[in-house]
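Student: No sequence on hand, only this structure:
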């Protein structure tokens, strides 16, 4: 068996992992990274892929998948919400970046046509290799992949062991494996306590709106937007809360896949509590109100949040709440590090900006706990982490007695 890292090696984004076991090749994820340029994974010939598995519907894991279906027809396995969400996100990606992508709507349709719904803990077969999807706790429908061929492989995708209002966490107890391909986004950083961050977010929003300002919460359309809505609802925030953009389409999918969320009734009430925006007149009015606005995209690379950030950033009575990870090279990362946005040659932000840790990734303590509990002595291949963090965490796992390596892009590992 051989594992090749086609994306996500030594960095965050455009995740892709190829497992070859004799004549069978299983590709797990095939994403694209946001930013000034779209970074895609390494090329793989579709005819060389036996089956494709998607761990979850974020674009850095599924955004380049339609490329495989230009002339490919391999089966695609994922949970039902992952397939439905991927279709929405991919069509939105085409609207924003269609001229920079080598595929179009027809390839998205082919990708969805070849998709097979798989439930958690339901074993299926890929030419003699057994496969299983396990709850990853990251977003609704997110999964780890467990492959059992000549060797046993776990690919975590993006994983979260911390309970959230929206989701049950991933289990620490992984099945026995010969190799674990694991994300390490926050390998050197622990998150603040979630309930404290929720309270900080609501208090910040109350302070801004009590002063007559509007607060923008740029949020990933899948998962983060709905969780923020639940937070405001549960804390009885008494100003208007708006939701805009693709998050509204995502709401319907999640309500139709209730077995993949923690408390469907609370989610339904929270989504009924918010006000929805669907035209430009309402957007222009919302930025003039003392209100909270939940809007994709979470890194300010597109969607209605770009409009809101332009309008809100120039007034010191307004606020921007960063509640998502900001990839290097995105406007959100520039806002976080430089307090400016890439408009008009560089716009200095006058609005109050605060960061709130509502991550859907495990922090350092959770990752360490997972690896302390692993059975046997699996090889560990670390992906989806900034290079310095990845290398430092690999060294730490080696000191614990595990055989760990920070993956290089294009790296090949024989088992």
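Tutor: Structure's in. What do you need? Because the structure is predicted, anything quoted here is derived from the model rather than measured.
Student: which residues does the nearest residue to residue 373 once chain neighbours are set aside contact?
Tutor: Among residues not flanking residue 373 along the chain, residue 172 sits closest, at 5.2 Å (Cβ to Cβ, 6 or more residues apart in numbering). (C-beta placed from N, C-alpha, C; glycine too.) With contacts defined as Cβ atoms under 8 Å, 6 or more residues apart in numbering, residue 172 is in contact with 161, 366, 369-370, 373.
Student: Need the three-state assignment for residue 172.
Tutor: Recorded secondary structure, residue 172: coil (DSSP: H, G, I helix; E, B strand; the rest coil).
Student: where's residue 382 relative to residue 371, distance?
Tutor: Here the criterion is Cβ to Cβ, to the nearest Å. By it, residue 382 lies 10 Å from residue 371.
Student: shared neighbours of those two, anything?
Tutor: Jointly contacting residue 382 and residue 371 under the rule Cβ under 8 Å, 6+ apart are residue 397.
Student: okay, the two: which has more neighbours?
Tutor: Using other Cβ atoms under 10 Å as the criterion, residue 382 and residue 371 rank with residue 382 on top: 26 against 20.
Student: Distance of that one relative to residue 264?
Tutor: Separation of residue 382 from residue 264 (Cβ to Cβ): 35 Å.
Student: ok, which stretches of this structure are helices?
Tutor: In the chain, the segments counted as helices under DSSP state H are 59-62, 80-97, 105-113, 194-210, 224-234, 247-255, 264-273, 280-286, 304-313, 331-338, 364-372, 387-399.
Student: Could I get the buried residue list for the last one?
Tutor: Of all the residues in helix 387-399, those buried under the rule 16 or more other Cβ atoms under 10 Å are 389-391, 393-394, 396-397.
Student: same check, this time on stretch 201-208
Tutor: 201-202, 204-206, 208.
Student: For the helix or strand bottoming out on mean pLDDT in the chain, which outside residues touch it?
Tutor: Ranking every helix and strand in the chain by mean pLDDT, DSSP states H and E puts strand 347-348 at the bottom, with a mean of 88. Outside strand 347-348, the residues within contact range by Cβ under 8 Å, 6+ apart are 310, 313-314, 339-341.
Student: residues touching residue 360, list them.
Tutor: 137-139, 158, 160, 164, 167, 223-224.
Student: measure the closest residue to residue 402 other than its chain neighbours to residue 365 for me?
Tutor: Excluding the flanking residues, the one nearest residue 402 by Cβ to Cβ, 6+ apart is residue 380, at 5.3 Å. To residue 365, residue 380 is 17 Å away according to Cβ to Cβ.
Student: Between the two, point out the one with more neighbours.
Tutor: Shown here are residue 380 and residue 365; by other Cβ under 10 Å, residue 380 has more neighbours (25 against 14).
Student: picking that back up, closest one to residue 294 among the helices of the chain?
Tutor: When the helices of the chain are compared by Cβ to Cβ, helix 224-234 sits nearest residue 294, at 5.2 Å.
Student: Give me the distance between the closest one and the centre of its chain.
Tutor: Relative to the centre of its chain, helix 224-234 is centred 17 Å away, using Cα atoms, centre = their mean, to the nearest Å.
Student: got the contact list for the spatially most central residue of the chain?
Tutor: Nearest residue to the geometric centre of the chain (Cα atoms, centre = their mean): residue 58, 4.5 Å. Counting by Cβ under 8 Å, 6+ apart, residue 58 touches 31, 89, 139, 158, 220, 222.
Student: Before I go, just wanted to say thanks for your time.
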